[in-house]
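Participant: test case, fold it:
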Amino acid sequence: MNFFLLLIMGFCASFGFGLLFNVPRESLFLGGLCGLIGQLGLLIAGNNSPILGTFLGAVLVAVSGETLAAWQKKPATVYTIVGIIPLVPGRLIYQTMLHFLHSELTEGLEAGINTLLSAGVIAAGIVFTSSLVQVIKAGNKK
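Facilitator: Numbering: from 1, shown residues only. The predicted structure follows:
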């Protein structure tokens with residue numbers, strides 16, 4: 001698919017999720033930008049390794065979410081949760097279920113492990129970045 005079309009789709013997915021879950025109107029566009037930035041990270045590094053691309057996307061979403069939160073004086077979760085939506089491994093979850101329903105246990109386990117790895121690196125990227133930001137903030141207050 002076209003690179004820019006995938007970026008626009010990442011923006012739209014995040015924006016739509018924000019609408020669905022009542023993100024404040026003034027934060028919708030910026031939340032969509034976080035999704036676009038996460039999608040950009042996934043596309044840049046995802047060609048070589050989808051897991052590495054997902055991690056990079058999660059780190060970029062967390063950095064942009066923390067930055068926007070400080071700028072807009074809102075909680076970082078407003079931007080971070082909306083921004084990770086394009087990174088969620090929905091296709092892998094579907095493939096895992098489909099393989100198990102067709103009694104393809106080996107393929108199902110492989111897809112399941114990739115799903116868990118993707119979900120784990122999303123969490124790790126956000127936790128790592130958010131913790132680092134908190135440590136930096138604490139150091140600046142001293």
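Participant: tell me where this protein is predicted with low confidence.
Facilitator: For the chain, the stretches with pLDDT under 70 are 1, 46, 142.
Participant: can you pull up the most central residue in it?
Facilitator: With distances taken as Cα atoms, centre = their mean, residue 84 lies nearest the centre of the chain, 2.4 Å away.
Participant: quick one: contacts for it?
Facilitator: Applying Cβ atoms under 8 Å, 6 or more residues apart in numbering to residue 84 gives the contacts 35, 38, 57, 58, 61, 122, 126. Backbone N, C-alpha and C define where each C-beta goes, glycine included.
Participant: ok, those vs residue 88, which is closest?
Facilitator: When the contacts of residue 84 are compared for distance to residue 88 (Cβ to Cβ), residue 122 wins out at 7.4 Å.
Participant: nearest spatial neighbour of that closest one, chain-adjacent residues omitted?
Facilitator: residue 58 (4.6 Å; Cβ to Cβ, 6 or more residues apart in numbering).
Participant: how many neighbours does the one you found have?
Facilitator: Counted with other Cβ atoms under 10 Å, residues neighbouring residue 58 total 27.
Participant: ok, now which ones touch it?
Facilitator: 38, 41, 84, 87, 121, 122, 123, 124, 125, 126, 129.
Participant: ok, now how distant is the first one from residue 135?
Facilitator: Using Cβ to Cβ, to the nearest Å, one obtains 23 Å as the distance from residue 38 to residue 135.
Participant: higher neighbour count, these two?
Facilitator: residue 38 (33 against 10).
Participant: ok, the more buried one to residue 51 distance?
Facilitator: 15 Å.
Participant: skipping its backbone neighbours, what lies nearest residue 59 in space?
Facilitator: In space, residue 59 is closest to residue 125, 4.4 Å off (Cβ to Cβ, 6+ apart).
Participant: show the backbone phi and psi for residue 103.
Facilitator: phi 60, psi 30 (degrees, to the nearest 10).
Participant: I should have written residue 135 there, sorry.
Facilitator: Taking degrees, to the nearest 10 as the convention, residue 135 sits at phi -60, psi -40.
Participant: so the closest residue to residue 89 other than its chain neighbours: helix, strand or coil?
Facilitator: Nearest non-adjacent residue to residue 89, counting by Cβ to Cβ, 6+ apart: residue 118, 3.9 Å away. Applying DSSP: H, G, I helix; E, B strand; the rest coil to residue 118 yields a three-state assignment of helix.
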